[in-house]
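> coords below, sequence missing:
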């Protein structure tokens, strides 16, 4: 579904969407009234710890979770105590739970499990962000980072980092004529950070594949290893364009299987083939229970630019 929606939003001429702009105007009125009421008429929760919102304005992937992982590690390197809150997209839980090695991604959300696996932070998941914040708001916590949650105005926050994917900046219409959930001016005090960005003019970052690891024994390989000259790539992420592009730079003969973002894999979704099957770290948390020995995990690292590092100094 995501891939179809992205095609229409980012590929077709915007002139075709003009007759439908009244729908976007109605959507704007609704979200403006919602925001106004939540900000000025309803009580907002203010925790003791400082709150960082890592969000985006568009539907689909922008790099929020990889940035949240990097940000958590950055703050931990400054001796800060961090808790991360995930909404548990697709989860079945309503009360806050702490993620551990036994957590089921189908119950708590794939991103919550990934955040727990990739950081030393306490990760809390539930469908209610205010209750999750209350659950972990202790005097020992310096920062509570929300992976997503930009539109949850019932929660006060000190910092908003809005991640913008540089591949998705042509269509600035609101839903349903474009990908934007909200206009930018709703967040005048936010810091905008560009993902998939190799420039130096604005704060930003890009990710690179640092290696490939075996799902069986964690043996690490380089993508240039002849073992990976021909591979299957299975993804269930919002946008795999940059990932596929980077893999092809290594002259890998690639066959791709694309599933919707947050798709809950079945064992039958994994083909029986001789080639290595490449998956992202996010997707592996759902594929891991199948114990498929032919699965290899793509490990990615964030590369921040100097402007982003300078921006982060205000936190430490």
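That came in fine, so what should we check first? Everything quoted here is computed from the prediction, not taken from an experiment.

> drop to CA atoms for contacts and neighbour counts, all remaining ones
Will do.

> Which stretches in the stretch 201-316 of the chain count as helices?
Ranges of helices within the stretch 201-316 of the chain are 241-249, 281-287, 306-312, based on DSSP state H, counting those that start in this stretch.

> which residues are in contact with the top helix by length along the chain?
Ranked by residue count, the top helix of the chain under DSSP state H comes out as helix 21-40. Here helix 21-40 makes contact (CA atoms under 8 Å, 6 or more residues apart in numbering) with 44, 153-154, 173-177, 182.

> Of the helices of the stretch 201-316 of the chain, which stretch is the most buried?
helix 281-287 (a mean of 22; mean count of other CA atoms under 10 Å).

> Of all the helices and strands in the protein, which has the lowest average confidence?
helix 2-11 (a mean of 50; mean pLDDT, DSSP states H and E).

> Any stretches of the stretch 101-250 of the chain with poor pLDDT?
167-170 (pLDDT under 70).

> all strands for the chain, in order.
50-55, 82-86, 97-98, 122-125, 143-147, 159-165, 191-195, 205-214, 220-221, 230-235, 253-258, 277-280, 295-304 (DSSP state E).

> quick revisit: which of the helices of the stretch 201-316 of the chain sits closest to residue 48?
Closest to residue 48 of these, according to CA to CA: helix 306-312, at 20.7 Å.

> Give the other helices and strands that the closest one contacts.
Using 3 or more CA pairs under 8 Å, 6 or more residues apart in numbering; DSSP states H and E as the contact test, no helix or strand touches helix 306-312.

> roughly how far is it from the heart of the chain?
On the basis of CA atoms, centre = their mean, to the nearest Å, helix 306-312 sits 20 Å off its chain's mean C-alpha point.

> likewise stretch 226-235?
Distance, centroid of stretch 226-235 to centroid of chain: 24 Å (CA atoms, centre = their mean).

> Show residues contacting that stretch.
So stretch 226-235 is contacted by 251-259, 275-280, 283 (CA under 8 Å, 6+ apart).

> Can you flag the buried ones in these?
252, 254, 258-259, 275-280, 283 (16 or more other CA atoms under 10 Å).

> so how far is residue 187 from residue 105?
Here residue 105 is placed at a distance of 32 Å from residue 187 (CA to CA, to the nearest Å).

> do residue 300 as well
For residue 300, the distance to residue 187 - CA to CA - is 30 Å.

> Now do the same contact list for the closest residue to residue 129 other than its chain neighbours.
Leaving aside its sequence neighbours, residue 129 sits nearest to residue 87 (CA to CA, 6 or more residues apart in numbering; 6.7 Å). If you count contacts by CA under 8 Å, 6+ apart, residue 87 has them with 109, 112, 125-129, 147-149.

> follow-up on the earlier one: of all the strands of the chain, which one is nearest residue 314?
Using CA to CA, the strands of the chain put strand 159-165 closest to residue 314, at 10.2 Å.

> So which elements touch that closest one?
Strand 159-165 packs on strand 50-55, strand 191-195, going by 3+ CA pairs under 8 Å, 6+ apart.

> Note down every partner strand of the first one and its orientation.
Strand 50-55 pairs in its sheet with strand 143-147 (parallel), strand 159-165 (parallel), by DSSP bridges.

> Give me the angle between it and strand 82-86.
40 degrees (axes from the mean of the first three to the mean of the last three CA atoms, to 10 degrees).

> quick check, distance from strand 50-55 to the centre of its chain.
13 Å.

> heads up, I number from 491, so please use that
Happy to do that; since the first residue is 491 now, the last one works out to strand 540-545.

> for that strand, what is the average pLDDT?
The predicted model gives strand 540-545 an average pLDDT of 97.

> buried ones in it?
540-545.

> Likewise for the shortest one?
Buried positions in strand 681-685, judged by neighbour count with 16+ other CA under 10 Å: 682-685.

> Could you export those residues as a markdown table, including distance to residue 704?
A markdown table is the format used below for these (distance: CA to CA, whole Å):
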| residue | distance to residue 704 |
| --- | --- |
| 682 | 36 |
| 683 | 33 |
| 684 | 31 |
| 685 | 28 |
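
> ok now stretch 611-623, how far from the chain's centre?
With CA atoms, centre = their mean, you get 16 Å for stretch 611-623.

> now, which of the buried ones among the contacts of stretch 716-725 sits nearest residue 700?
residue 770 (12.1 Å).
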